[in-house]
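> no sequence on this one, just coordinates:
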């Protein structure tokens, strides 16, 4: 850690919410989320010197957080898809408990049922990112972002209806 | 707390690299000292020299891979990051040296065992090799080493192929509209 350490920590404390949100969308288990956040911090630190535009720090943090989470979800994904072992949710997590107290828990459940790519796009959409910002984070065109969001919204609606009826 | 978490994460990676470098450096020092103490045994010196070259080669290649991995930044837009990862992994899986490194573990094993065994037996390299027990031990060790390295390499290759398949699937999903 050198002279930029203070700036980095300041930036991290300002934007740490993004790290938690992205991890919450990809990992159900608290320990997995904590590991993921550590890895994101490391990747942020590594690429901090290459941060060219300080005005778009939020998008930069999202890019690193999403890419890191996707690179870590591989193992989990293989276990879930191939062996079909249900993941045990850690109920002792405060973040999880808070989310469960209101309707956000249903939304979180619905988002987690989407595929890996759509989860990120929906999270960015719900965070009120513009199509341009989402395109900048994902690397796809603005029009593709629009098409995809409309499609994912429909899927999400269906999931939410299903959960509502299941109550 | 955030600061300590950051330091802890960065340190974790430095420790992994540090251990590998320390083991290789330790082996190189051992080879140097034992070679200086047994300058009259030409075959022992050749064995140590070969072991030294292979260790140094592995160390440099390990450090190079680590350096390249460090340069693999995660701050690219998802699509370009996926493209880069897919290309990197495909190249790594298809590299020619992958097949050669399969045989490196048993070779290193035999060379290390020979070096240690000959040195502490206080006999000449050729004399030790002519002993039946030593030969049997070496042959069994080499076969076991080859089997283990074959198993490990197969596991790693399968893991990397699964990763590649996963990344391609993600890329496909991202591009499908």
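It's in. Values in this document were obtained by computation on a predicted structure and should not be read as measured data.

> do stretch A:148-157 and chain B meet?
Yes: residues of stretch A:148-157 contacting chain B under CB under 8 Å from any CB of the partner chain: residue A:148. Where you see a C-beta, it was placed from the backbone N, CA and C, and this is true even at glycine.

> Report the mean per-residue pLDDT for that stretch.
Summarised as a single mean, pLDDT over stretch A:148-157 is 92.

> and residue 50, how many residues sit next to it?
Because you didn't say which chain, this covers chain A. 10 (other CB atoms under 10 Å in any protein chain shown).

> Sorry, I should have been clearer: chain B.
Neighbours around residue B:50, by other CB under 10 Å: 16.

> Was I right to think it contacts residue B:111?
Yes: the pair residue B:50 and residue B:111 qualifies as a contact (CB atoms under 8 Å) at a distance of 6.2 Å.

> ok and the residue in chain A nearest chain B?
residue A:139 (2.9 Å; CB to the nearest CB).

> Mind giving me the packing neighbours of the lengthiest helix in chain B?
In chain B, taking DSSP state H as the definition, the longest helix is helix B:132-175. Packing partners of helix B:132-175 (3 or more CB pairs under 8 Å, 6 or more residues apart in numbering or on different chains; DSSP states H and E): helix A:57-78, helix A:116-126, helix B:78-94, helix B:97-121.

> tell me the contacts of residue B:45?
B:35, B:38, B:39 (CB atoms under 8 Å, 6 or more residues apart in numbering or on different chains).

> Mind doing that once more with 7 Å?
residue B:35 (CB atoms under 7 Å, 6 or more residues apart in numbering or on different chains).

> now do the one 10 residues further on
For residue B:55, the contacting residues are B:24, B:27, B:28, taking CB under 7 Å, 6+ apart as the criterion.

> for residue A:61, same thing?
Counted by CB under 7 Å, 6+ apart, residue A:61 has contacts A:15, A:18, A:44.

> Likewise for residue B:164?
B:86, B:89, B:90, B:93.

> Out of those, the closest to chain A would be?
Looking across the contacts of residue B:164 and measuring by CB to the nearest CB, the closest to chain A is residue B:89, at 11.1 Å.

> Could you report the distance from that closest one to residue A:56?
29 Å (CB to CB, to the nearest Å).

> Setting aside sequence neighbours, what's the nearest residue to the residue nearest the centre of chain A?
Closest to where the C-alpha atoms of chain A average out (CA atoms, centre = their mean) is residue A:22, at 2.1 Å. Distances taken as CB to CB, 6 or more residues apart in numbering or on different chains place residue A:65 nearest to residue A:22, at 4.0 Å, with adjacent residues excluded.

> Hmm, the one you found is touching residue A:17, no?
No: in this structure, residue A:65 is not within contact of residue A:17 by CB atoms under 7 Å, at 10.5 Å.

> Pick out the one among the contacts of residue A:61 with the largest number of neighbours.
Neighbour max across those (other CB under 10 Å) = residue A:44, 25 neighbours.

> check which helix or strand covers residue A:41.
Assigned by DSSP states H and E, residue A:41 belongs to helix A:30-47.
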